[in-house]
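*Asks:* Give me coordinates for this.
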Amino acid sequence: MDILYLLIPLSVFLVFLIAGVFWWSVKSGQFEDLEGPAYRILMDDDRPQPPGDGSGQQADGKP
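*Replies:* As a prediction, this is how the structure comes out:
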């Protein structure tokens with residue numbers, strides 16, 4: 001029964017901590033754009049990649 005004197009205040013503290021973190025995330029705009037990242041994955045860049053550094057050598061060092 002004595003453990004309740006520890007667990008109840010600890011659980012109340014955790015509830016306030018989680019609510020505070022959730023409130024901060026809502027106010028800072030973490031939930032503003034929920035669809036953008038999902039569509040960004042599907043947008044593929046089909047253009048060819050530009051050459052590395054423009055020196056004319058391939059990645060393995062051969063001209």
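*Asks:* Just the element for the spatially most central residue of the chain, please.
*Replies:* Of all residues in the chain, the one closest to the mean position by C-alpha atoms, centre = their mean is Gln30, 9.4 Å from it. In this assignment (DSSP states H and E), Gln30 forms part of neither any helix nor any strand.
*Asks:* Distance of it relative to Pro37?
*Replies:* Using C-beta to C-beta, to the nearest Å, we find Gln30 at a distance of 12 Å from Pro37. Every C-beta, even on glycine, is put in place using the N, C-alpha and C of the backbone.
*Asks:* residue ranges for the strands of the chain, please.
*Replies:* Counting by DSSP state E, the chain yields no residue ranges for strands.
*Asks:* Tell me where it is predicted with low confidence.
*Replies:* Low-confidence segments of the chain (pLDDT under 70): 45-47, 49, 52-63.
*Asks:* For it, which segments count as helices?
*Replies:* 4-27, 36-42 (DSSP state H).
*Asks:* Deepest-packed of the ones you listed, please.
*Replies:* Ranked by mean neighbour count, the helices of the chain are led by helix 4-27 with a mean of 10 (mean count of other C-beta atoms under 10 Å).
*Asks:* gap between that helix and the chain center?
*Replies:* Centroid displacement of helix 4-27 relative to its chain, using C-alpha atoms, centre = their mean, to the nearest Å, is 22 Å.
*Asks:* Please name every helix or strand in contact with it.
*Replies:* With contacts taken as 3 or more C-beta pairs under 8 Å, 6 or more residues apart in numbering; DSSP states H and E, helix 4-27 sits against no other helix or strand.
*Asks:* Please list the outside residues in contact with it.
*Replies:* Under the criterion C-beta atoms under 8 Å, 6 or more residues apart in numbering, residues Phe31 lie in contact with helix 4-27.
*Asks:* picking up where we left off before, in TSV: the helices of the chain, plus distance to Pro51.
*Replies:* As requested, the helices of the chain are exported to TSV (distance: least, C-beta to C-beta, whole Å):
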stretch	distance to Pro51
helix 4-27	42
helix 36-42	26
